[in-house]
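**Student:** When you get a sec, could you give me coordinates for this:
(one chain, ligands or ions: 1)
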Amino acid sequence: MSGVGRALPAFTLRGWSRGDIADPYPVYRRFREVAPVQRADPDGGGPATYYVFSHPGVATVLTSRHCGRSPLPSGPGTAADGLVPDRFATLRDLVDNWLVFLDPPRHTRVRSLLATEFSPAVAAGLRPRIEMIAGDLIAQLRRRSVVDVVAEFAAPLPILVISELLGVAADRREWLRAASTALQEASSSRAAARDDAHDVADAAARRLSAFFAEQLDARRREPGPDLISLLALAQSREVAPLSDTEIIATCVHLLTAGHETTTNLLAKSVLALLANPDALDELRSDPTLLPGAVDELVRYDPPVQAVSRWVHRDLQVDRHRVPAGSKVVALLGSANRDPARWSDPDRLDLHRPPGPHLGFGMGIHYCLGASLARAEAEIGLRSLLDLLPDVTATPGPVDYADDMIFHGPSRLTVALSA
Ligand code: HEM
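**Tutor:** Here you go, the predicted structure:
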């Protein structure tokens, strides 16, 4: 690897130590201080990858018309970011239809068909139901002396909410969670280290595609107030509606996009608040701070640490030239701690003036589910704040998943007083 202009140690999203995964920010700082944009040349040739560490650099990548999700035709693969090898046909066909991997004009068409269902007003309408789901989960925790916040609250909450949105029967929700986790394996930064990651994900893709095809048929026969029924109904009303393939792919996409991310936000928020008792006390005594606190928590330790793009035309990124054909990895976690953008960036500050943090992305791919995620995080955290006064011990084991893209603890154990 080389920096633009000077020699650097290699930066990579793989093979991090457990300590660095738990706190990646000193690592980002070391690299960012040397150069905001750094080039890596893959062993054995192929397009260079440019890692972008600064806030202005990441914002440029996310908003530039010269960057896209598909490699140039002369580059590796043709779609879905070149992530899925050709032989995994089901997985490839599925993710090729995911909004996050589409470029305009197809992205514009699909996003406009989904936008209404993910508006702030729709998220507000879901709040009473989210409160009930969170309340039920908390009621079960109260009877426990030791609680794994991830397994028993942060993971079930989003899966229950998305299942509700899609109108999936309650008894299939645990099955959905497991299938979604298997699928997610293929896009994690550890996927390349696991020989069977794509096999596991491809099998999950087949199961999920068959499941949502059945759901779509059932809703055509008997529509309900859920998203699948609305998308099926729109097929006869819109000029260029989603096809069956696109509806099925969208259901799977929403499941995976909204599941692990929200789980990680809730779990990392608990960790951050336990490490910052003043902020925790403040939030407990003034819950009106919650909406701002959620965005500060997303800035402080974002659940998605990195997103990638292909460069379609030569680009200036933070004064560095990135040539067409390269891959760019935009480090959201680093940009959110860039001292050139934020004062005292490593401090969790619940009163920080709102600013464009990049935890939900920026530009045309800005998180479609951001309003829903904010509602889930606010309600989930408020429910947990009621429980946290009972925490008598500092957190027990915190295990981080070995993933520097979808980032967060896989286990967070706390002890509660009797
Ligand atoms: C896109 C983060 C929750 C659906 C994104 C992107 C980020 C992100 C960073 C941009 C990806 C890119 O530019 O390549 C998060 C975080 C969440 C969250 C941190 C929770 C705390 C959700 C939820 C849903 C959702 C709950 C829906 C149920 C999507 C979709 C996209 C997306 C569909 C693609 C948008 C597009 O390409 O136009 N999210 N997300 N996300 N997110 Fe989220």
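**Student:** Share the number of residues neighbouring residue 115, please.
**Tutor:** By the criterion of other Cβ atoms under 10 Å, residue 115 has 11 neighbours. Any C-beta I mention is one placed from the backbone N, CA and C, and that applies to glycine too.
**Student:** Whatever residue of the stretch 301-418 of the chain ends up closest to the ligand and residue 130: what is the separation?
**Tutor:** Each residue of the stretch 301-418 of the chain has a distance to the ligand, by Cβ to the nearest ligand atom, and the smallest belongs to residue 369, at 2.1 Å. Residue 369 is 13 Å from residue 130, where distance means Cβ to Cβ, to the nearest Å.
**Student:** ok, back up a step: and for the residue of the stretch 301-418 of the chain closest to the ligand, the neighbour number?
**Tutor:** Here the neighbour count serves as a burial measure; for residue 369 (other Cβ under 10 Å) it reads 22.
**Student:** Please state the offset of stretch 376-389 from the chain centre?
**Tutor:** Taking Cα atoms, centre = their mean, to the nearest Å, one finds the center of stretch 376-389 at 20 Å from the center of the full chain.
**Student:** where do the strands sit along the stretch 101-250 of the chain?
**Tutor:** All strands of the stretch 101-250 of the chain, identified by DSSP state E, counting those that start in this stretch, fall at 146-148.
**Student:** Contact residues of it facing the ligand?
**Tutor:** Taking Cβ under 6 Å from any ligand atom as the test, the list of the stretch 101-250 of the chain residues beside the ligand reads 111, 162.
**Student:** Can you tell me which residue of the stretch 101-250 of the chain sits closest to the ligand?
**Tutor:** Going by Cβ to the nearest ligand atom, the ligand is nearest to residue 111 of the stretch 101-250 of the chain, at 4.9 Å.
**Student:** show me where the stretch 301-418 of the chain has strands.
**Tutor:** 306-311, 315-317, 320-322, 327-331, 398-400, 409-415.
**Student:** on that earlier part again, from residue 156, how far out is the residue of the stretch 101-250 of the chain closest to the ligand?
**Tutor:** The span separating residue 111 from residue 156 equals 29 Å under the rule Cβ to Cβ.
**Student:** Remind me which helix or strand the residue of the stretch 201-350 of the chain found nearest the ligand belongs to.
**Tutor:** In the stretch 201-350 of the chain, no residue comes nearer to the ligand than residue 258, which is 2.8 Å away by Cβ to the nearest ligand atom. According to DSSP states H and E, residue 258 maps onto helix 244-275.
**Student:** Tell me what angle the helix or strand following that helix forms with helix 244-275.
**Tutor:** As assigned by DSSP H and E, the chain's next helix or strand after helix 244-275 is helix 277-285. Counting by axes from the mean of the first three to the mean of the last three Cα atoms, to 10 degrees, helix 277-285 points 110 degrees away from the direction of helix 244-275.
**Student:** could you dump helix 277-285 to CSV, C-alpha only?
**Tutor:** Provided in CSV are the C-alpha atoms of helix 277-285 (Å, rounded to 0.1, in the frame of the first residue of the first chain):
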residue,chain,number,x,y,z
PRO,A,277,-22.3,8.1,33.2
ASP,A,278,-22.9,11.9,33.1
ALA,A,279,-24.5,11.5,29.7
LEU,A,280,-26.5,8.6,31.0
ASP,A,281,-27.8,10.5,34.0
GLU,A,282,-28.6,13.5,31.9
LEU,A,283,-30.6,11.4,29.4
ARG,A,284,-32.4,9.7,32.2
SER,A,285,-33.5,12.9,33.9
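**Student:** ok, then the element right after that helix?
**Tutor:** Using DSSP H and E, the helix or strand that directly follows helix 277-285 along the chain is helix 290-300.
**Student:** Mind giving me the packing neighbours of that following helix?
**Tutor:** Contacting helix 290-300 under the criterion 3 or more Cβ pairs under 8 Å, 6 or more residues apart in numbering; DSSP states H and E are the following elements: helix 244-275, helix 277-285, helix 370-387.
**Student:** Let me know the angle separating that helix from helix 370-387.
**Tutor:** With the same axes, to 10 degrees applied, the angle from helix 290-300 to helix 370-387 works out at 100 degrees.
**Student:** Which single residue in the stretch 51-200 of the chain comes nearest to the ligand?
**Tutor:** Nearest residue of the stretch 51-200 of the chain to the ligand: residue 100, at 3.7 Å (Cβ to the nearest ligand atom).
**Student:** count of neighbours near the closest residue in space to that residue that isn't next to it in sequence?
**Tutor:** Taking Cβ to Cβ, 6 or more residues apart in numbering, and ignoring the residues beside it in sequence, residue 100 has residue 365 as its nearest neighbour in space, at 6.0 Å. Residue 365 sits with 20 neighbouring residues when counted by other Cβ under 10 Å.
**Student:** can you pull the contacts of residue 365?
**Tutor:** With contact taken as Cβ atoms under 8 Å, 6 or more residues apart in numbering, residue 365 is in contact with 62, 99-100, 107, 307.
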